[in-house]
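>>> Make a model of this:
(one chain, ligands or ions: 1)
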Amino acid sequence: MGHGWEGVVLKLMRGRDFSLTVTGAEDVTEHCRRVHFTDGGMLAVTGVYPTMWVRVWFPGANRPHQRAYTLVDPDPVAGTFAVEFALHEGPASRWARAAEPGETVQATVQGSAFAEPDPLPERMFLIGDSASVPAINTLLSALPEVPATVWLETRYGSDGNLPLRVRPARHEVRRVPREDAGARLVAAVRADLPGLLGDPAAAYVWIACDTATTRALARFTRKELAVPGSRVHALGYWRP
Ligand SMILES: Cc1cc2nc3c(=O)[nH]c(=O)nc-3n(C[C@H](O)[C@H](O)[C@H](O)COP(=O)(O)OP(=O)(O)OC[C@H]3O[C@@H](n4cnc5c(N)ncnc54)[C@H](O)[C@@H]3O)c2cc1C
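Numbers count the residues shown, from 1 in each chain. The predicted model follows:
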């Protein structure tokens with residue numbers, strides 16, 4: 001039985017902009033900051049679905065910079081959501097470090113969509129890092145009946161405290177320190193996924209790491225493990 005998210009493609013929303021207002025912020029870890037927003041009417045129009053993201057415009061020296069961010073706990077009735085920013089250098093991270101209540105940013109809703117795997121997978125394999133923890137959490141929450149193995153690439157000791165919404169009875173987390181530009185994660189998945197996969201057509205593999213790591217893992221999953229394209233979702237979340 002579907003959850004009705006399939007087809008929540010925002011056909012009417014091409015390039016539509018909304019004004020987001022900061023209502024508060026807190027540190028999740030020393031390298032992750034959660035910022036709370038009111039949505040400027042966005043969610044009432046778009047609805048919400050797993051892995052939903054928006055393009056947010058952040059101030060830069062000469063021009064605004066657009067960056068993609070995942071919605072955390074979107075509430076269409078209250079018109080609120082949060083964003084969990086993995087912090088590094090860059091306009092979005094700079095803005096998040098200093099965000100104060102009352103500040104506004106523009107968001108463009110375009111390109112985000114979610115197709116629920118149908119039939120439901122026997123097991124989900126979710127591969128990401130601090131930037132994709134918010135999206136991984138939405139998948140774990142949206143399909144709570146599906147067991148999952150999560151590979152999480154970590155950069156800092158505090159990444160162990162990122163708020164992964166796992167249920168130990170159903171979800172297994174494998175943390176892999178980032179080394180050699182993602183090569184250690186690729187090696188870990190290559191070593192372990194074949195023995196866990198089962199029927200490739202009954203699996204669902206979701207990959208969101210840096211672009212090169214994502215590409216390597218997607219190729220491995222589709223070509224070497226023969227997981228059908230419809231059961232693999234891969235999107236690079238950031239460029240090294
Ligand atoms: C669909 C989608 C959803 C996303 N959701 C989230 C989210 O919810 N939370 C989140 O934190 N990110 C998320 N990202 C990733 C985020 O958009 C990028 O990390 C973005 O580049 C950050 O912009 P910036 O201005 O801080 O840094 P940039 O100006 O893009 O980059 C500055 C420097 O930081 C490095 N860098 C950028 N991102 C990272 C990173 N994640 N880890 C390590 N180094 C990095 C770059 O290589 C560069 O050297 C998402 C990306 C996509 C495509």
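>>> what separates the residue nearest the centre of the chain from residue 154, distance-wise?
By CA atoms, centre = their mean, the mean C-alpha position of the chain lies nearest to residue 135, the distance being 2.7 Å. According to CB to CB, to the nearest Å, residue 135 stands 17 Å off from residue 154. Quick note: C-beta positions are derived from backbone N, CA and C, even for glycine.
>>> again with residue 82
Per CB to CB, residue 82 is found 22 Å from residue 154.
>>> what residues are up against the closest residue to the ligand within the chain?
The chain approaches the ligand most closely through residue 90 (2.1 Å), counting by CB to the nearest ligand atom. Going by CB atoms under 8 Å, 6 or more residues apart in numbering, residue 90 touches 65, 67.
>>> interface residues of the chain facing the ligand?
53, 65, 67-70, 83-86, 88-93, 131, 134, 235, 237-240 (CB under 6 Å from any ligand atom).
>>> Just the buried subset of these, written out for ChimeraX, thanks.
Applying 16 or more other CB atoms under 10 Å to the residues of the chain next to the ligand, the buried members can be selected in ChimeraX as follows:
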select :53,65,67,68,69,70,83,84,85,86,91,92,93,131,134,235,237,238
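>>> now the chain, which segments are flagged as low pLDDT?
1-15 (pLDDT under 70).
>>> Quickly list the domain ranges of it.
Structural domains annotated on the chain: 11-109, 123-234, as defined by automatic domain parsing.
>>> Turn those domains into CSV, columns for distance to residue 117.
Formatted as CSV, these follow (distance: least, CB to CB, whole Å):
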stretch, distance to residue 117
domain 11-109, 11
domain 123-234, 4
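>>> Residue 59: neighbouring residues, count only.
Neighbour count for residue 59, taken as other CB atoms under 10 Å: 12.
>>> just checking, it touches residue 95?
Yes. Using CB atoms under 8 Å, residue 59 is in contact with residue 95, at 6.6 Å.
>>> which helix in the protein runs the most residues?
In the chain, taking DSSP state H as the definition, the longest helix is helix 183-197.
>>> what's the angle from the helix or strand following it to helix 183-197?
Once the chain leaves helix 183-197, the next helix or strand it forms, by DSSP states H and E, is strand 203-208. Here the directions of strand 203-208 and helix 183-197 differ by 170 degrees (axes from the mean of the first three to the mean of the last three CA atoms, to 10 degrees).
>>> and for whichever helix or strand comes after strand 203-208, what are the contacting residues?
Using DSSP H and E, the helix or strand that follows strand 203-208 in sequence is helix 211-219. For helix 211-219, contacts defined as CB under 8 Å, 6+ apart pick out 127, 153, 181-182, 185-186, 189, 207-209, 232, 234-240.
>>> Quick check: buried residues in the longest strand along the chain?
As assigned by DSSP state E, the longest strand anywhere in the chain is strand 16-29. For strand 16-29, burial by neighbour count (16+ other CB under 10 Å) applies to 18, 20, 22, 25, 28-29.
>>> Could you export the helix or strand just after it as CSV, CA atoms only?
Next along the chain after strand 16-29, taking DSSP H and E as the criterion, comes strand 32-38. Taking C-alpha atoms only, strand 32-38 is exported to CSV below (Å, rounded to 0.1, in the frame of the first residue of the first chain):
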residue,chain,number,x,y,z
CYS,A,32,26.3,20.9,12.7
ARG,A,33,23.8,23.7,13.4
ARG,A,34,20.0,23.4,13.2
VAL,A,35,18.1,26.5,12.1
HIS,A,36,14.4,26.8,12.5
PHE,A,37,12.2,28.6,10.0
THR,A,38,8.7,29.7,9.3
